[in-house]
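Asks: Sequence plus predicted model, see below.
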Amino acid sequence: MFFRVRTLEETLPFGAIQLSQTAPVQYQEHDRLKSETELRIAVVPPLVVISIVLSVRFSWLLTILGAIAVGALLVQAFKNTRQRYDLLANAAYLNLIDLPVVDATISGLSDLEPRPSTDGHWIAALIAAFDRRGLYDESDFALGEAQTLDSPQDLLDVIDYLRKYDIDVPASLHAAVERAREDEHRDVTRELIDSVLAEPGSSPPPPIRNSRTEPGSSENEGSTNDE
């Protein structure tokens, strides 16, 4: 995942104003859910205070009842918020609202030359598009995700493409290449050993013994013969 979902969630509410022009009915539903959410959250603090005061004067059971009421209000507020974001996401899917982050990314990718040709190039192109459009947080996030790639060739393609656009390549990306090469070499060695052991009649190599300390070694036999 080289594009943060949180970024889309943070930009979705800004499309509500545009929704009021393109789909007034959906905007009214969005506004209703938002108002109900804000009302429930605003009621929570005074309700907590009232339940504590009443429990001190009358019974501690009122605290439990207040906690249940507060929990119910927060659950309803969470559900309304989820429905509101779902409504905005569907509006974006139907092109009723625009997402500036997505539009900027698409525009940045379309302007890149040369066109990416490998997976590593596409990842680097996404980083370059973020960087050119001023989305530096997204660029840093995608660069961090690129360091988790398993293929050394993909990592080298990322480095090669970033250099074409004069983007600083962190030392951690070069370290990721070396780490991926070591992991690949280890996997190849393990597969080779497994294939040899899987052959009929094969057996694991005998353990190496120390002739100076093991009983029955040639040195001990020589001392016995001398006696």
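Replies: In hand now; what should we look at?

Asks: can you list the domains in the chain?
Replies: 5-98, 103-197 (automatic domain parsing).

Asks: would you turn these into TSV with mean neighbour count?
Replies: All C-beta spots, glycine's among them, are computed from the backbone N, C-alpha and C. Shown next, in TSV, are the domains of the chain (neighbours: other CB atoms under 10 Å):
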stretch	mean neighbour count
domain 5-98	15
domain 103-197	16
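
Asks: Quickly, which of those domains bottoms out on average pLDDT?
Replies: Ranked by mean pLDDT, these bottom out at domain 103-197, which scores a mean of 78.

Asks: tell me how far that one is from the chain's mean position?
Replies: 15 Å (CA atoms, centre = their mean, to the nearest Å).

Asks: for stretch 6-26, same thing?
Replies: With CA atoms, centre = their mean, you get 25 Å for stretch 6-26.

Asks: Please verify my assumption that P116 contacts A129.
Replies: No - using CB atoms under 8 Å, P116 makes no contact with A129, being 10.5 Å away.

Asks: who touches the host helix or strand of L155?
Replies: Under the criterion of DSSP states H and E, L155 resides in helix 152-164. Contacts to helix 152-164, defined as CB atoms under 8 Å, 6 or more residues apart in numbering, come from residues 114, 116, 118-121, 123-125, 127-128, 146-147, 149, 169, 173-174, 176-177, 180-181, 184.

Asks: Quick check: what element follows that helix along the chain?
Replies: On the C-terminal side of helix 152-164, the closest following helix or strand by DSSP H and E is helix 171-197.

Asks: relative to helix 152-164, how tilted is that next one?
Replies: With axes from the mean of the first three to the mean of the last three CA atoms, to 10 degrees applied, the angle from helix 171-197 to helix 152-164 works out at 160 degrees.

Asks: Counting by contacts, list what helix 171-197 packs against.
Replies: Applying 3 or more CB pairs under 8 Å, 6 or more residues apart in numbering; DSSP states H and E, one finds that helix 171-197 contacts helix 136-146, helix 152-164.

Asks: quick one: which of these is nearest W60?
Replies: Across the helices and strands packed on helix 171-197, W60 has its closest neighbour in helix 136-146 (47.3 Å, CB to CB).

Asks: List the contacts of the closest one.
Replies: Outside helix 136-146, the residues touching it (CB under 8 Å, 6+ apart) are 1-4, 7, 101, 105, 123-124, 126-127, 130-131, 155, 158, 170, 173, 176.

Asks: Apply 6 Å and report the result again.
Replies: By CB atoms under 6 Å, 6 or more residues apart in numbering, the surrounding residues in contact with helix 136-146 are F2, R4, I123, L126, I127, F130, D131, V158.

Asks: do the same with stretch 32-43
Replies: L73, Q76, A77, N80, T81, Q83, R84.

Asks: sec struct for N95, please.
Replies: The three-state assignment at N95 reads coil, by DSSP: H, G, I helix; E, B strand; the rest coil.

Asks: From L61, how far off is it?
Replies: The gap separating N95 from L61 is 54 Å, by CB to CB, to the nearest Å.

Asks: do E29 as well
Replies: Counting by CB to CB, the gap from E29 to L61 is 39 Å.

Asks: swap in L197?
Replies: Per CB to CB, L197 is found 69 Å from L61.
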